[in-house]
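> Structure for the following, please:
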Amino acid sequence: MMGNESSQLSGLEIEEKAVEVTDFWCHYQATINDSCRYFSLKGDGSVSVFKGEAAVGPLWAISTPLEKFSNNLLKYRHPCIVRYISAWQQRSTLHLATEYVQPLSHILSSLTPLQICIGLNNILRALVFLHEQASMSHNNVSVSAVYVTGDGQWKLGGMQYLCPFAELTSAYLKHARIHRYDKAVDPNEDSYEITTKVDQYAFAVLVEDVFKDCKDDEVPHLKDFKKYCREFLQHQNPAKRPNLSEVLQHNFFNHEFISIYKFLNFLPLKSEEERSQFFSNILENLTCYDEETVAKQLGGLLLSRLTMLDQTARKDVIPFILKPKNERIPNGEIPGFFSLSVFKVHIKPRLLQLFGVRDSQIRMLLLRHFSKFVHVFSHEELSQQILPELLLGIKDVDDSLVSATLICLSELVPILGADTVIGGKRAKFFTDGRPNSKTKPLLLTASPINESNVYISKTLRELPCSEDMYESDRNELISFEKSLTLNERPSPVGGESLDDEIIVKETHIKNEESEDDWSDWESSRQNNTKSIPQVFDEPEHEQLVSIEPVAELKDSAKTNTSSVNESRKSLLQKAAIEAKKNILDITELDIKNQKYDYSKKHSDEFDFFADMTPVIEKPTIAPAQDSAQNVSSKFNFVPDESIDENEAWGEGWND
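Numbering: from 1, shown residues only. The predicted model follows:
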């Protein structure tokens, strides 16, 4: 069960089960949701919370043990001392939040001798800082006072007994003895006049406790160092105990592995020449050590900010560290240093943290080697942690950074999919243009077709047609060798040329019928199907052969008046042919300008206006006329000269 208690840390969730219970406090693990605000935290935002109550004793009259611990952590900051984050009071309970740490006693059995050696070096450095820089005595050096961070670094804690050397008296040690580690207390401590060597004795006991299950040959100079601790650090005469800074000069803390560790820790103090020589040989020197120990103890230092900004390290170290080892190495590729399993456990968490660093040089270095380690991350890590950082990078003003970021985003597309990487709605804009196995016929390039022009490069016989075509055996079809232009509108009668005009009608284009269309004269012109009339030159018979749509032929076949319609159509066609030949001027089409030839009479002329006689309530009986004069063609009709032109239809015949 997790509890979100009101505190100075927003989003803090503390576990219900305690990790460690001591005489003064209970140690809990917790999580901060907004962990990016705090430094040196575990990658998942974990922290440690200590809860302490008031204690009884002469040393705790003014402040409780946890309060002293908290105040000392806040005042004395050192890389090898537990990092203070925050402290607050809730009712009678004091809460102290620190970086994520675990008690050393919980993981000591899983550590290698080299890891223990590096850990002791850290504790010794913290004690030297307290003694020489702060003039303070710890007075509680033991396994219970040592904590291990998430990346395996040992940190000094248990600072509730910390006091200045000036206040360190036999009485003070006597009051604190009840809660101190009995084995780390000198039996003759009360009789000594010199009390400033208490931590030397306790450190020697710590060395003995952490190496009790290790062989002397597992770490260089371990046997000599144990002997040194017994003879000098636990000397019966406190005056002959060396200062802790002298202990750091022992060979046990200066063999090759420790030397590399120290150099990486004190990299800012080294000259450029020293750094160049160090990074040129570091990987070769580390190959003889266990890779898991190297990754756990040196992985964070090898990928630290200072290391990644060094020119020599960027060339000779970083490319090997950022690439997992592959058993099959193609020719010319750089081999990796760590195996894939070790890389995932110790290097990957550090890379996730580095992607959150807002430094262009570090980001460019990660982007340059992104393809080497992208496969070690899970889909969730890529989508939730890596991708948001990359998307932030494409918004930067640095063109080189944006270009490298886009390349890395392309690496994520096959893994996460374009929908996740790009986002938004996508559509298919490109098609596969590869030809099929069967060759497709080439399409002719056609010119655009509008309402008035048709561009055809084939003969009429070659054009595709969805309807059946009917042809005359005695005529040949006229080919379309050049572009044809459609009339603005066909003439009412006789608008079709029998010699050299062919009207091609595109029925799929819907044209609005004008007022002047003579559509009522022929019902077939109202159809929306495609019709191409064909005209044949037959001077003897004056016969017109047309291509009728199949649908129209079927309709006409179903009617009982098909023969009548054919006869009527034949008469209309003959009349149109005759009128077209006689027209010399377009003005002759005007009904007022037409002259009636009384001498020309044909018995087969048809009265086109027979059905158009107006119905008048009081009809006027017109003078009798010859029946032949009542039959006229549409275009040759001339009104009686005796009738005034203003009477009858006149100018308002359309009204």
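> Give the residue spans of the stretch 1-150 of the chain that score low on pLDDT.
When residues are selected by pLDDT under 70, those of the stretch 1-150 of the chain lie in 1-8, 34-44.
> May I see the buried residues of stretch 230-250?
By neighbour count on 16 or more other CB atoms under 10 Å, the buried set for stretch 230-250 is 232, 233, 234, 235, 238, 241, 244, 247, 248, 250. Any C-beta I mention is one placed from the backbone N, CA and C, and that applies to glycine too.
> With stretch 407-420 instead?
Neighbour counts over stretch 407-420 (16+ other CB under 10 Å) mark 408, 409, 411, 412, 416 as buried.
> Just give me the closest of those residues to residue 262.
Proximity of these to residue 262 (CB to CB) peaks at residue 408, which lies at 35.2 Å.
> before we move on, which element is the closest one in?
Using DSSP states H and E, residue 408 falls within helix 399-416.
> Any chance you could list what contacts that helix?
360, 363-364, 367-368, 370-371, 374, 379, 382-383, 386-387, 390-391, 393-396, 420-422 (CB atoms under 8 Å, 6 or more residues apart in numbering).
> let's see 7 Å
Helix 399-416 has contacts (CB atoms under 7 Å, 6 or more residues apart in numbering) with 360, 363-364, 367-368, 370-371, 374, 379, 382-383, 387, 390, 393-394, 396, 421.
> Show me the protein divided up by domain.
Annotated domains of the chain cover 2-100, 103-256, 271-376, 451-510+518-582, 596-643 [automatic domain parsing].
> and those, which one is worst for confidence?
Comparing mean pLDDT across the domains of the chain, the weakest is domain 451-510+518-582, with a mean of 48.
> returning to that earlier point: could you list every helix and strand in contact with the helix or strand following the helix holding residue 408?
Sequence-wise, the next helix or strand downstream of helix 399-416 (DSSP H and E) is helix 418-422. Contact analysis of helix 418-422 by 3 or more CB pairs under 7 Å, 6 or more residues apart in numbering; DSSP states H and E lists helix 399-416 as its packing neighbours.
> go again using 10 Å as the cut-off
helix 387-393, helix 399-416 (3 or more CB pairs under 10 Å, 6 or more residues apart in numbering; DSSP states H and E).
> Residue 351: which of these is closest?
helix 387-393 (11.0 Å).
> what residues does that closest one touch?
352, 354-358, 360, 363-364, 366-367, 370, 381-382, 401-402, 404-406, 408-409, 411-412, 416, 420-423 (CB atoms under 10 Å, 6 or more residues apart in numbering).
> Would you mind finding the longest strand in the protein?
Ranked by number of residues, the top strand in the chain under DSSP state E is strand 12-21.
> Just give me the neighbour total for residue 143.
The burial count assigned to residue 143 is 17, neighbours taken as other CB atoms under 10 Å.
> swap that for residue 182, sorry
Around residue 182 there are 9 residues (other CB under 10 Å).
> can you pull the contacts of it?
By CB under 10 Å, 6+ apart, the contact set of residue 182 is residue 142.
> that older thread, how about the buried residues of stretch 407-420 in JSON lines, adding pLDDT and distance to residue 208?
As requested, the buried residues of stretch 407-420 are exported to JSON lines (pLDDT from 0 to 100; distance: CB to CB, whole Å):
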{"residue": "408", "pLDDT": "95", "distance to residue 208": "51"}
{"residue": "409", "pLDDT": "94", "distance to residue 208": "55"}
{"residue": "411", "pLDDT": "93", "distance to residue 208": "52"}
{"residue": "412", "pLDDT": "93", "distance to residue 208": "53"}
{"residue": "416", "pLDDT": "91", "distance to residue 208": "53"}
